[in-house]
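Asker: Coordinates for the following, if possible.
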Amino acid sequence: MSSSSLIPDDPSVLFTTAGMQQFKPYYTGEADAMKDFGSLNTVSIQKCLRTSDIDEVGDENHLTFFEMLGNFSFGGYFKKEAIELAHEFITKEMCLKIDYVSVFKEKPLDSARGESGGIPPDSESEKIWKKIDPKIKIKYAGRSDNFWGPTGKEGPCGPTTEIYVNGVEIWNIVFNEFYCEKGGKLKPLKTPGIDTGMGLERLAMVAQNKKNIFETDLFPKLTALLLVGDEETIRSGRIVLDHLRATVFLLSDGVRPSNKEQGSILRRLIRRLMIHSNLSEIKENLLLLSEARLVNFVGEVIGLYSGFYKLDKDAIVNELKKELQVFGLTLKSGLRQFNKRYPGMRTHMLVPGQPIEPFIIGQEVGKDAADLYQTFGFPVEVIRELLEKRLYKFDQKEFEKTLKQETEKHKEISRAGQEKKFGGHGLILDTGELKAGSEEELKKVTRLHTATHLLQAALREVLGFDVKQMGSDITPERTRFDFSFGRKLTPEELKKIETLVNDMIKADLGVKMKEMDYEEAVSSGALSFFRHKYPKMVKVYSIGEGDNVVSREFCGGPHVSDTGEIGKFVITKEEAISSGVRRIRASIKP
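Answerer: Numbers count the residues shown, from 1 in each chain. This is a model prediction of the structure:
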């Protein structure tokens, strides 16, 4: 069977994490394998994505994207045949020596403590292994190691036997004997089945006698470019290699960067690979992955896999370029703020001749990190890397605690704003307030108001960060935005600006408001309208959050909650209104 998409039909999981997922109905009896395949047995090479160990990627054997070799049976054969086939393949076809195998065996239940409902040990598998090779070493493990499934909240599952070569688990044979219900209760399957999984990358590592998966021929020529230097640089190179493969395959399966579900995972992968591709430079100058290098990277990955999978290089590169452009804005402002708070290494804390120990700042670092992440959109990975390089310890617990508190605070502000019907809006608008004669008109101008913020962000991205707002006016029918620029915009520039705004709308970015001291707001990089005189405390609206803030401006509101509410943004006219000042008129369509 061909590999299924990384986006499964099963709504209980975000990604395809195992080869058996496309076969779940055949284990439960909902589908008939003989009718559909003409056989009770199948094999596949399944592309998989798992993010549970994403923070471990960078070591010698963790990946997010991998290919899973599997053979499956829905009543055609069971334990004896599955174990015999596995042993034959590994020892005779691959000529590898098995270190040991593991079988399922839980600790005895304690009836005095009320424990009941245990699963009996898999003595049958143990006997089969001993019959094949009386000298084979067998280890025992319970549910945490030798019981697999289900994928999602419910489904087929069962005990496993695992095969280890060179200290690496390379083959897992699952005996699907049970169906796990949503509450966790197990009931026997009418027809037990076989589900095996063997990671291609791990098999290649042991077969090619390599120390880690990144040295195998399953990784492109990028290995020679990225896996050189000190330990930190090599770790970053591994992250790039892994995340790049995952990104290419997610994009080819139709996932697009966003703030929701699969899109949010893809966005995180893209931005991590962009950060780590130039990590040493980022720490000093914040250089992002260049477009030329990006195209080269993608080309290497596609060159390796194009004989097996249909991969559209142009579409993949275009999506990555869009994310690269938007991400660049957030990194620059974030680094400025970080350097203000932590201007250099703690050289005054070092003692000659003594080992260097991280200086634990405690709560303050956690709070600073949360502020940099939420207010300035600075990625957590970069914050942690920068802090540790400068010998500060990142306080993860305080970071998460502060982030949670700030999120709750934003929710309270939003609720209060709703109750007040967005009173006091329009601080940066030329007219001083939005024009709305009814609740319906207020909804229209509110959508246009947020779109105007996106327009200013897009103008600065396409035309340069010297572009400044010179005035604006919003009615229920259109927005009018004046800005400083010395020439007529080309049709290509207008199209690029319009597309960028619509991309930010499609990304469904959240819109948040934070009350700040005026000076603090200025130092945060928030844009202001020079003609307006602001009070000591001001409101700052940010569009996007975390590592995805695309706009931050002084503003009194109102705004939509998420950019996806805006609709399609259309530029209707661009013209000069005075020397060095241009005007754009635009509207939105449902």
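
Asker: Give me the helix or strand of the chain that scores worst on average pLDDT.
Answerer: Least confident helix or strand, the chain: helix 279-284 with a mean of 46, by mean pLDDT, DSSP states H and E.

Asker: after that helix comes which helix or strand?
Answerer: Next in sequence after helix 279-284, counting helices and strands by DSSP states H and E, comes helix 291-305.

Asker: Of all the residues in that next one, which ones are buried?
Answerer: Residues of helix 291-305 classed as buried by neighbour count (16 or more other Cβ atoms under 10 Å): 294, 295, 297, 298, 299, 300, 301, 302, 304, 305. C-beta here means a position set from N, CA and C on the backbone, and glycine is covered the same way.

Asker: quick one: which of these is nearest to residue 126?
Answerer: Nearest to residue 126 among those is residue 305, at 39.5 Å by Cβ to Cβ.

Asker: hang on, isn't the closest one packed against residue 313?
Answerer: No - the pair residue 305 / residue 313 is not scored as a contact, 11.1 Å apart, by Cβ atoms under 8 Å.

Asker: what do the two both touch?
Answerer: Common neighbours of residue 305 and residue 313, using Cβ atoms under 8 Å, 6 or more residues apart in numbering, do not exist here.

Asker: just to revisit the earlier point, with the buried residues of helix 291-305 in mind, which one is nearest to residue 339?
Answerer: Nearest to residue 339 among the buried residues of helix 291-305, with distances taken as Cβ to Cβ, is residue 294, at 26.1 Å.

Asker: re the thing from before, pick the one among the buried residues of helix 291-305 closest to residue 68.
Answerer: Using Cβ to Cβ, residue 305 is the member of the buried residues of helix 291-305 that lies nearest residue 68, at 15.0 Å.

Asker: Tell me how many other residues crowd the closest residue to that closest one other than its chain neighbours.
Answerer: Closest residue to residue 305 apart from its sequence neighbours, by Cβ to Cβ, 6 or more residues apart in numbering: residue 311 at 6.3 Å. Residues lying near residue 311 (other Cβ atoms under 10 Å) number 18.

Asker: per-domain residue ranges of this structure.
Answerer: Split into domains by automatic domain parsing, the chain comes to 19-108+117-215, 221-282+291-323, 342-419, 421-589.

Asker: Need those domains in CSV (columns: distance to residue 3).
Answerer: Listed next are those as CSV, based on distance: least, Cβ to Cβ, whole Å:
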stretch, distance to residue 3
domain 19-108+117-215, 5
domain 221-282+291-323, 8
domain 342-419, 30
domain 421-589, 28
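
Asker: Of those domains, which shows the lowest average pLDDT?
Answerer: The weakest mean pLDDT among these belongs to domain 342-419, with a mean of 60.

Asker: Just the helices from the stretch 201-350 of the chain, written as ranges.
Answerer: Per DSSP state H, counting those that start in this stretch, the stretch 201-350 of the chain carries helices over the ranges 222-226, 231-252, 261-277, 279-284, 291-305, 313-341.

Asker: What is the shortest one packed up against?
Answerer: Pointing back at helix 222-226 there. helix 231-252, helix 291-305 (3 or more Cβ pairs under 8 Å, 6 or more residues apart in numbering; DSSP states H and E).

Asker: So which bits of that helix are buried?
Answerer: So helix 222-226, judged by 16+ other Cβ under 10 Å, has buried residues 222, 223, 225, 226.

Asker: and if you look at the last one?
Answerer: Of the residues in helix 313-341, those buried by neighbour count under the rule 16+ other Cβ under 10 Å are 313, 316-317, 319-320, 322-327, 329-331, 333-335, 337-338.
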